[in-house]
Structures are given as C-alpha cells and as structure tokens.
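Trainee: From the sequence below, what's the structure:
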Amino acid sequence: MSLVDVEPRFPRFDPVGPDGPALPLAVELIASEIEPGAGDADVHGVQRSAIDSLARAGFHGAPLPSAAAQRELAELLAGSDASTWFCWIQHQSPLRALTSEAASRGSGAVQHRLLHDMQSGRLLSGVAFAHLRRPGPQNPSARRVPSGWIVDGSLDWVTSWDIADWFLLMVADVDSRQVISAFLPAGRGQVSDVVGGLIPGEPLQLLAMSGTHTRPIQLHQVFIHDEDVVAISDLDQWRASDAIRTADANPATFGLIRGAVAELTAIADQRSDQQLGDIASGLVEGARECRRHAYAWIDASTAEGVPERLALRARSLGLAQQATTAVLTARAGMAMMRGTTAERRAREALFMLVQAQTRASRDAFLDLEFGIGLGVRA
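Mentor: Numbers count the residues shown, from 1 in each chain. Here you go, the predicted structure:
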C-alpha cells in the first residue's frame with residue numbers, strides 16, 4: 001500500500017475549507033464517485049456516467065440556489081478531478097443562453113426542445129466561443145441567408161464532444177457585428193448524419209485535461225436554421241462583458257489549491273514535518289484571503305475594479321503554482337510517476353494559466369510573477 005493510499009483525501013480532508021455554504025452531500029458524492037476515478041479520467045477520458053451521477057444528485061443542470069454554493073461545487077469538483085469539472089462547467093454557458101433575456105425575445109423553439117432536459121441535467125452540452133475574443137478576422141464566421149445562417153471556418157477545440165448531446169456555437173456575423181448563438185448536435189449522437197459540413201477532428205492530446213474529449217471542428221458551409229438560434233447579441237457588447245468575466249479569478253483555481261494543500265498537509269502530518277506544515281498553513285491563509293476578495297468583486301456585480309480583479313486572478317494562479325509545486329517537491333521522485341495526484345494537479349494548475357486567458361490576464365500574471373513592469377492592458 002502506497003503513502004497516498006493511507007492518507008486522508010480531498011474533498012473529505014480540506015484544510016482550506018469553503019468560502020460559502022458547505023455542501024456535505026456533494027462532498028460525499030465527489031469523494032465516493034468522482035475523486036477515485038480522477039486518474040483514469042485524466043488518461044482515458046471523463047465518463048458520461050460521472051456527469052450523470054452529478055445530475056441524479058441535483059449537482060448538474062440548473063445552478064444551485066446561490067452563487068456562493070455554485071462556486072463551492074465548482075471548487076470541490078476541480079480540486080478532486082479537474083477534467084470532470086471542465087466538462088461540467090461547459091454546460092453552464094449554454095444553460096445561461098437558454099434562460100437569458102435575449103433568448104426570451106426569440107421564437108422559443110430551442111427552449112421548448114432543450115431547456116427542461118438541460119436544467120434537469122439529462123442532457124449535457126458543450127460550448128464554443130473563445131474565438132470571439134481574438135483580434136483580427138473572425139474564424140469561424142457567419143453570413144445571413146434566407147431562414148438562417150451559413151457558417152464557415154474552424155474551431156480549435158470543443159470540449160466534451162464525445163460525451164455531450166449538444167453544443168452551443170457562438171459565431172459572429174462580420175457584416176452586422178452580431179453574435180449568433182445556436183445549438184447543434186454534439187458527438188454523442190450521429191452528428192455527421194444531422195449537420196452537413198461539420199467535421200470533428202481526432203481528440204487533442206493535451207498536456208493537461210486530455211481526458212475532456214476535446215476535439216477541433218471544421219465547419220464547411222454549415223447551415224444553421226433560425227429555429228436553432230437561441231439568441232442574437234452585439235459583438236462589441238459581448239466582448240465588453242467578457243472582459244469583466246475573464247478578469248475574475250476562477251473558482252476552479254481555488255479548488256486546485258484546496259486539493260493540493262490537503263495533500264501537502266497530510267504529508268506534513270504523516271511525517272511530522274514542521275517546514276511542510278508551515279508552508280501548508282501559509283497557503284491556507286493566502287488562499288482564504290485571496291478568495292474572499294475575489295468573490296467579493298464577483299458578488300458586487302460591477303464593471304469597476306478591473307485592475308484589482310486581474311491582480312487577484314493572478315494571485316490565485318500564483319498560489320496554485322506554489323501549492324502544486326510544494327506537493328511535487330515533498331513527494332520527490334514519486335511525484336514523477338504518471339498517475340499520481342501530485343503530477344496531475346501540477347499539470348492542471350498549468351492549464352489554469354491559459355484557460356480563458358486574455359491579453360490583460362496574461363500580462364497581470366507575468367507582471368506578478370516576474371515583476372518587470374509589464375502593466376495591465378485593457
């Protein structure tokens with residue numbers, strides 16, 4: 001039996017603890033059904049059954065009653081199995097689109113077909129919109145035709161493809177500078193028989209999160225019918241709102257910190273190592289303080305404080321790097337073995353550096369880490 005096998009494991013063992021309401025039922029479910037399979041999900045892919053188990057317990061689909069509880073659920077999932085968290089979180093943007101004010105002004109056809117099963121968690125959706133952040137010509141792009149749009153271009157990655165029923169494609173009409181949000185079948189069904197011109201590539205072999213069923217997608221003259229469109233919004237307004245969202249720290253980052261600190265604390269306790277214990281205690285204090293301020297900005301629901309929010313995001317990413325590196329160092333040679341929680345979380349922390357990254361968030365992190373006066377660009 002290895003050292004890992006006899007140590008208390010996150011999420012039941014959690015020195016950092018929640019910022020908002022505790023979720024004991026989620027802790028028990030994740031500890032018994034999600035965390036034990038994290039290593040396998042990392043290598044072989046997240047199983048749809050893992051998402052379905054969350055849905056049956058009411059932890060997938062419609063968000064929990066409070067934003068604080070939803071953040072806590074995200075932290076618990078990410079700290080236990082970041083691949084499952086990433087597939088789970090993809091569902092939230094499509095669900096918000098279905099219940100948005102813009103959707104209420106549409107025909108209601110998509111909501112009638114999908115909303116109930118999306119809210120219950122019976123259906124799983126992915127999403128593709130990161131391309132809207134990029135400067136330069138839009139890829140992919142849409143053009144208006146009778147009864148809908150024609151979409152051409154490529155998507156670098158669509159997460160959850162193999163286990164998702166649908167995915168929300170957000171694509172810009174470059175003539176009108178509008179964002180068309182439409183639902184298309186994903187890879188769990190026979191998408192090639194339903195959507196002509198939509199061609200998924202092979203799963204991407206990623207440094208981290210390779211188990212998230214992420215594929216590139218080619219779009220050749222794909223027709224999107226008006227009845228598949230859930231919302232139409234202004235591109236410039238979308239980018240302005242996205243700049244606020246991406247300035248904030250990600251709850252998943254704090255989940256990774258919690259998982260790593262739990263492991264580091266367990267090592268320190270098992271070895272009676274004062275130095276490791278002091279490092280773990282410092283990380284606990286830093287994580288709680290950073291998270292408290294970051295969530296206060298999110299709850300304020302304001303467009304102000306972007307530099308402060310970017311600094312807190314950068315700080316959270318720095319803490320994740322410190323926490324996972326500390327566990328790697330404490331584990332020594334054992335941490336170099338593929339499949340350990342130490343090496344997996346270290347890779348997941350690297351992933352968080354680039355997830356939802358913008359020029360502003362990248363500059364903020366580099367400025368914090370290297371202190372060479374890069375400043376923060378809007």
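
Trainee: okay, now the spatially closest residue to residue 157 that is not a sequence neighbour: neighbour count?
Mentor: Closest residue to residue 157 apart from its sequence neighbours, by Cβ to Cβ, 6 or more residues apart in numbering: residue 214 at 4.6 Å. Any C-beta I mention is one placed from the backbone N, CA and C, and that applies to glycine too. When neighbours are defined as other Cβ atoms under 10 Å, residue 214 has 24 of them.

Trainee: need the contact list for residue 214.
Mentor: Contact analysis of residue 214 by Cβ atoms under 8 Å, 6 or more residues apart in numbering lists 157, 158, 159, 160, 161, 203, 204, 206.

Trainee: What is the nearest of those to residue 274?
Mentor: Nearest to residue 274 out of these is residue 206 (Cβ to Cβ; 37.9 Å).

Trainee: Against residue 59, how distant is the closest one?
Mentor: Here the criterion is Cβ to Cβ, to the nearest Å. By it, residue 206 lies 25 Å from residue 59.

Trainee: Next: residue 236.
Mentor: Counting by Cβ to Cβ - residue 236 and residue 59 are separated by 36 Å.

Trainee: Is the residue nearest in space to the middle of the chain within a helix or a strand, and which one?
Mentor: Nearest residue to the geometric centre of the chain (Cα atoms, centre = their mean): residue 86, 4.2 Å. Using DSSP states H and E, residue 86 sits in helix 82-90.

Trainee: elements contacting the helix or strand just after that helix?
Mentor: Downstream of helix 82-90, the first helix or strand assigned by DSSP H and E is helix 92-98. Helices and strands touching helix 92-98, as assessed by 3 or more Cβ pairs under 8 Å, 6 or more residues apart in numbering; DSSP states H and E, comprise helix 109-120, strand 125-128, strand 166-173, strand 229-234.

Trainee: could these be laid out in a markdown table, adding mean neighbour count and mean pLDDT?
Mentor: As requested, the helices and strands packed on helix 92-98 are arranged in a markdown table below (neighbours: other Cβ atoms under 10 Å; pLDDT from 0 to 100):
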| stretch | mean neighbour count | mean pLDDT |
| --- | --- | --- |
| helix 109-120 | 17 | 92 |
| strand 125-128 | 25 | 96 |
| strand 166-173 | 24 | 96 |
| strand 229-234 | 19 | 93 |
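
Trainee: In CSV: those, plus distance to residue 49.
Mentor: Output for the helices and strands packed on helix 92-98, formatted as CSV (distance: least, Cβ to Cβ, whole Å):
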stretch, distance to residue 49
helix 109-120, 16
strand 125-128, 17
strand 166-173, 19
strand 229-234, 28
